[in-house]
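J.: Build me a model:
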Amino acid sequence: MPATLTRQTLKELLAVKQTPCLSLFQPTHRSFPEREQDPIRYKHLVRQLEDALKAQGYGDTTELLKPFKALVDSVDFWNFNRDGLAIFGAPGYFQIFRLPRPVPELAVANDRMHVKPLLRIAQSSDRYQILAVTLEAITLYEGNRDGISEVQLVEGVPKTIQDALGHDLTEKTQSGFPQGYSRASERGDSMQLEAGGAGRQAEVDRDRERFFREIDRAVLEHYSRPSGLPLILAGLPEHQAVFRRLTHNEHLLPTGIENDPSLMKPDQLREKSWAVMQPVYLKRLSGFIDQYGESHGQGLATDQIEEIGHSIVEGRVATLLVEAERAIPGQTDPSQGKAMPASEQSANTPDLLDELTVWAFEHGGDVVVVPKERMPTQTGVAALYRY
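T.: Numbers count the residues shown, from 1 in each chain. Take a look at the predicted model:
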């Protein structure tokens with residue numbers, strides 16, 4: 001099953017020491033007939049990996065490439081495309097990420113994983129999740145300003161009320177408790193409430209609360225805390241009220257989508273969710289931009305690339321702002337924090353912004369990808385210092 005893109009999964013990728021490390025990136029398509037070309041392009045990229053391994057002197061690569069090649073003819077795999085695909089392999093290691101944004105086609109065989117495109121996506125400020133709740137089931141989505149995709153829930157996250165409550169779920173034919181008695185009959189009241197009365201309604205309400213508690217716990221544990229993404233609740237107003245009273249999820253936004261999500265088309269859900277998320281996104285970006293202006297005046301921020309490189313490896317950079325979609329070719333040396341723009345470039349010349357992003361991540365700094373129109377500097381990068 002594809003992994004969730006989080007800081008922890010990125011750290012795990014960077015920690016892989018077995019060589020060779022294989023990294024494959026590919027834009028993919030959600031709908032037919034565009035997605036028909038995706039496995040063909042993928043097969044071509046796998047062949048590039050194989051050629052790169054041979055050129056580097058590796059002998060038998062059958063086992064190393066076996067999991068890559070197994071996906072070529074997997075109909076189920078290609079039926080669940082998002083906008084991009086990233087696959088990583090090494091001896092004894094294989095991991096897949098489905099991405100919410102397109103990535104350039106790339107096949108790299110090296111002594112470490114090529115994670116830069118993932119870092120840019122993972123640190124984008126417009127990502128969020130949607131928890132769509134009804135009385136019967138839930139659906140989790142992840143998205144950004146451009147689109148949303150359903151998240152395939154991991155084991156341990158109940159999809160339906162039956163999954164969550166099992167045999168403790170009140171039967172539809174009984175009047176109250178699982179034993180078949182209503183509260184009134186247990187008290188010996190002369191006027192008992194039959195099926196559909198207040199006794200049964202109390203049990204339905206109790207089941208709903210238990211279901212929502214289980215969902216809240218599982219989503220928080222498996223998705224919200226690992227990803228750190230804002231969570232938007234979609235559900236009827238009465239369900240919103242109950243869920244918000246019970247939740248412990250600190251990532252849940254105070255504003256939700258007060259509609260029955262089962263009756264909404266994906267485009268409607270995306271439109272309404274972005275209307276909720278956009279003010280949060282803009283406020284967060286404004287906070288970083290304001291902080292940069294204040295810190296720069298105090299000598300605690302800079303936009304000079306070479307200075308930023310040295311500061312990152314010294315552990316001084318708390319937050320790195322990187323301009324989205326921009327590339328600056330240059331020369332780098334991570335051991336010395338050297339990052340200098342290059343007057344000449346070739347196909348192998350590294351992108352300084354990608355290099356600085358990786359360095360900041362490895363040294364414990366936060367990275368925020370900022371749209372060009374909101375970037376506070378002209379150099380494509382800005383650093384906020386710890387001291």
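J.: Excluding chain neighbours, what is closest to residue 319?
T.: Excluding its sequence neighbours, the residue lying closest to residue 319 (CB to CB, 6 or more residues apart in numbering) is residue 384, at 4.2 Å. The C-beta positions use only the backbone N, C-alpha and C, and glycine is treated the same way.
J.: Might you report the residue contacts of that neighbour?
T.: 288, 291, 292, 295, 300, 301, 317, 318, 319, 320, 321 (CB atoms under 8 Å, 6 or more residues apart in numbering).
J.: and which of these is nearest residue 71?
T.: residue 320 (34.1 Å; CB to CB).
J.: pretty sure that closest one contacts residue 366?
T.: Yes. Using CB atoms under 8 Å, residue 320 makes contact with residue 366 at a distance of 7.2 Å.
J.: re the thing from before, I'd like to know which of the contacts of residue 384 are part of strands.
T.: Using DSSP state E, the subset of those located in strands is 301, 317, 318, 319, 320, 321.
J.: who does the residue nearest to residue 319 bridge with?
T.: residue 301, residue 319 (DSSP bridges).
J.: from what I can see, residue 135 looks like it's in a strand, true?
T.: No. Residue 135: not assigned to a strand; according to DSSP: H, G, I helix; E, B strand; the rest coil it is coil.
J.: thinking again about what came up before, now, which of the contacts of residue 384 sits nearest residue 343?
T.: Once CB to CB is applied, the member of the contacts of residue 384 that ends up nearest residue 343 is residue 320, at 24.4 Å.
J.: Kindly give the local confidence score, pLDDT, for the residue nearest to residue 319.
T.: Residue 384 carries a pLDDT value of 98.
J.: So it versus residue 210, what's the distance?
T.: Distance, residue 384 to residue 210, by CB to CB, to the nearest Å: 44 Å.
J.: Around the nearest residue to residue 330 once chain neighbours are set aside, how many other residues sit close by?
T.: Spatially, and ignoring its direct neighbours in sequence, residue 330 is nearest to residue 352 (4.0 Å; CB to CB, 6+ apart). Residue 352 is flanked by 26 other residues according to other CB atoms under 10 Å.
J.: for residue 251, same thing?
T.: 18.
J.: separation between residue 161 and residue 215?
T.: 9 Å.
J.: Settle it for me: which of those two has more neighbours?
T.: Set residue 161 next to residue 215 and count neighbours by other CB under 10 Å: residue 215 wins out with 25 against 22.
J.: For the closest residue in space to residue 252 that isn't next to it in sequence, give me its contacts.
T.: Nearest non-adjacent residue to residue 252, counting by CB to CB, 6+ apart: residue 231, 4.8 Å away. Going by CB under 8 Å, 6+ apart, residue 231 touches 128, 129, 130, 131, 219, 223, 224, 249, 251, 252, 253.
J.: ok, residue 160 touching residue 135?
T.: No. Taking contacts as CB under 8 Å, residue 160 lies outside contact range of residue 135: 10.1 Å.
J.: circling back: helices - which of the contacts of residue 231 land there?
T.: residue 219 (DSSP state H).
J.: on that earlier part again, how near is the residue nearest to residue 319 to residue 324?
T.: 18 Å.
J.: returning to what we had before: list the beta-bridge partners for the residue nearest to residue 252.
T.: Residue 231 forms beta bridges with residue 129, residue 252, as assigned by DSSP bridges.
J.: between the contacts of residue 384, which is closest to residue 92?
T.: Of all the contacts of residue 384, residue 92 sits closest to residue 320, with 32.5 Å by CB to CB.
J.: Who's the closest spatial neighbour of that closest one, skipping the chain neighbours?
T.: residue 360 (4.3 Å).
J.: How about residue 379: what's its closest non-neighbour residue?
T.: Nearest one to residue 379, counting by CB to CB, 6+ apart, is residue 303 at 4.5 Å.
J.: Now do the phi/psi pair for that neighbour.
T.: phi -120, psi 10 (degrees, to the nearest 10).
J.: surely residue 101 meets residue 143?
T.: No. Judged on CB under 8 Å, residue 101 makes no contact with residue 143 at a distance of 10.5 Å.
J.: what stretches of the stretch 251-387 of the chain score poorly on pLDDT?
T.: 344-348 (pLDDT under 70).
J.: What separation do you get for the residue nearest to residue 379 and residue 292?
T.: In terms of CB to CB, residue 303 sits 9 Å off from residue 292.
J.: Next, show the common contact partners of these two.
T.: 376, 377, 382.
J.: Which ChimeraX command selects the buried ones in these?
T.: In ChimeraX, this line selects whichever of the shared contacts of residue 303 and residue 292 come out buried by 16 or more other CB atoms under 10 Å:
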select :376,377,382
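J.: one step back: residues near the residue nearest to residue 379, how many?
T.: For residue 303, the count of nearby residues is 18 (other CB under 10 Å).
J.: so it touches residue 377, yeah?
T.: Yes. Residue 303 lies in contact with residue 377 (CB under 8 Å); the separation is 3.8 Å.
J.: Name the nearest residue to residue 136, ignoring sequence neighbours.
T.: residue 161 is the one closest to residue 136 (CB to CB, 6+ apart), at 5.8 Å.
J.: Which residues are in contact with the one you found?
T.: Neighbour list for residue 161: 135, 136, 137, 169, 207, 211 [criterion: CB under 8 Å, 6+ apart].
J.: at 10 Å instead, please
T.: Contact analysis of residue 161 by CB atoms under 10 Å, 6 or more residues apart in numbering lists 134-138, 169-170, 207-208, 210-212, 214-215.
J.: re earlier: now for residue 101 and residue 143: what residues contact both?
T.: Residues touching both residue 101 and residue 143 (CB under 10 Å, 6+ apart): 82, 126, 127.
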